[in-house]
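K.L.:
I'll drop the sequence and a predicted model, then ask my questions.
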Protein chains: 2
Amino acid sequence: MSKAEQLEQIRKQLQEAGYKLTAQREATVAVILECSQAHLSAEQIFIKTKAEVPEIGLATVYRTLEMLTELHVLNKISFVEDGVTHYDLCEENASQHFHHHLLCLQCGAIEEIHEDLLVSVEQTVAERFSFAVLDHRLTLQGICANCQAANSANGLPANQLDPSKQVDISQL
Amino acid sequence: MSKAEQLEQIRKQLQEAGYKLTAQREATVAVILECSQAHLSAEQIFIKTKAEVPEIGLATVYRTLEMLTELHVLNKISFVEDGVTHYDLCEENASQHFHHHLLCLQCGAIEEIHEDLLVSVEQTVAERFSFAVLDHRLTLQGICANCQAANSANGLPANQLDPSKQVDISQL
DNA sequence: CTATCTGCAAACAGTTTGCAAGGTG
DNA sequence: CACCTTGCAAACTGTTTGCAGATAG
């Protein structure tokens, strides 16, 4: 599905839910689609949207994000426990199951995995704990391929954190 | 390992790291050990500690929690994206791998699973994405056994959320 | 005795809310 | 034209910090 189609679909969802189509909302949605891989925070979305629609206020962005979360267009997430909420675009298809994330502890990069790796895990839990699984949140923390290569090049163990290279993840 | 032994061990860790053993810190650690299953927030820990040591201040609790997190005695977590950090006691044994959580979306109960269910998942990711996994965060969201039973008793589908029973998870 | 630690209050950052003005359907 | 939506500023919440006095080692 193309960006334009996605935007059109979200627009329709808003309308069906009885919301009005304002310039601010469209611009916000456009920014979110544009940067869907970036896991932006509200503030970051605000700044990017303000570049398009300068008269927008931060409160409106928050209200729009809240709205989109209710409509299951977005998911709130926080990888780092720094009190900042980031927003993640939901998959457009039927599967309500949330995708997984790989968080590089060295460079802070976040990669998404869209295969569902937890089918058997969820089955195990359902059986062993009588727990009916509806969704999941999985983040694997480690070192991405790039940083492994960089570490090797510097004569360091590839699969161990290089503290000198480590960025402050809470700044992301 | 008993509570007393754990407390003793943490006390030793503090000392070795060059921290002083104050009454406030001991009381805070005691509360955390006491309620290790409850995933308390800083405020909740403060209230329980103040019951023991009334002259303690909230800032001290925050500073102690920060300290214990650095010493890898605690882990910061947030199941619900409400901006409140909760604290989770680390396993005392060698395995640095974080345990998993089952979050009941109906009653808000949180169960811990201490078996590592992700060995094969991590292997898959390592191979397919060249990602060196160091740790993980997994929360399975669904309906606990209790709520399933309650739903059944009320003639509702056991494995589907009963909205009328749903508590505000962000209040936990 | 000295460096660390404490409580308090003020400062902070992210988010939410009340309100009057503006815009959509 | 009625109601929704907006921007602004003020309020709020969880957390952090500066400081003078208290305290552990």
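P.N.:
Right, received. Where do you want to start?

K.L.:
can I see the domain layout of chain A?
P.N.:
Domain assignment for chain A by automatic domain parsing gives A:1-93, A:97-172.

K.L.:
could these go into CSV alongside mean pLDDT?
P.N.:
Listed next are the domains of chain A as CSV, based on pLDDT from 0 to 100:
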stretch, mean pLDDT
domain A:1-93, 92
domain A:97-172, 87
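
K.L.:
Using CSV, lay out those together with mean neighbour count and distance to residue B:75.
P.N.:
C-beta: built from backbone N, CA, C; applies to glycine. Formatted as CSV, the domains of chain A follow (neighbours: other C-beta atoms under 10 Å in any protein chain shown; distance: least, C-beta to C-beta, whole Å):
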stretch, mean neighbour count, distance to residue B:75
domain A:1-93, 16, 9
domain A:97-172, 17, 12
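
K.L.:
Could you say which one of those comes nearest to residue B:89?
P.N.:
Closest approach to residue B:89 among the domains of chain A is made by domain A:1-93 (15.2 Å; C-beta to C-beta).

K.L.:
Could you provide the domains of chain A in CSV, with additional columns for distance to residue B:117?
P.N.:
Formatted as CSV, the domains of chain A follow (distance: least, C-beta to C-beta, whole Å):
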stretch, distance to residue B:117
domain A:1-93, 20
domain A:97-172, 5
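
K.L.:
Would you state the strands of chain A in chain order?
P.N.:
Along chain A, the segments classed as strands by DSSP state E run A:74-77, A:86-89, A:100-104, A:110-113, A:132-143.

K.L.:
want to throw the ones you listed into a markdown table with distance to residue B:25?
P.N.:
Listed next are the strands of chain A as a markdown table, based on distance: least, C-beta to C-beta, whole Å:
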| stretch | distance to residue B:25 |
| --- | --- |
| strand A:74-77 | 33 |
| strand A:86-89 | 33 |
| strand A:100-104 | 31 |
| strand A:110-113 | 35 |
| strand A:132-143 | 29 |
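
K.L.:
looking at those strands, which is closest to residue B:118?
P.N.:
Across the strands of chain A, closest to residue B:118 is strand A:132-143 (C-beta to C-beta), at 8.0 Å.

K.L.:
Contact residues of chain A facing DNA strand D?
P.N.:
A:18-20, A:22, A:24-25, A:53, A:55-60, A:63-64, A:83 (C-beta under 7 Å from any atom of the strand).

K.L.:
Kindly identify which of these also come near chain B.
P.N.:
When contact is defined as C-beta under 8 Å from any C-beta of the partner chain, those meet chain B at residue A:83.

K.L.:
Among the residues of chain A next to DNA strand D, which one lies nearest to DNA strand C?
P.N.:
Closest approach between the residues of chain A next to DNA strand D and DNA strand C, by C-beta to the nearest atom of the strand: residue A:59, at 3.2 Å.

K.L.:
quick one: the closest one from chain B, how far?
P.N.:
As judged by C-beta to the nearest C-beta, to the nearest Å, residue A:59 and chain B stand 17 Å apart.

K.L.:
hang on, residue A:147 packs against residue A:108?
P.N.:
No. Taking contacts as C-beta atoms under 8 Å, residue A:147 lies outside contact range of residue A:108: 9.9 Å.
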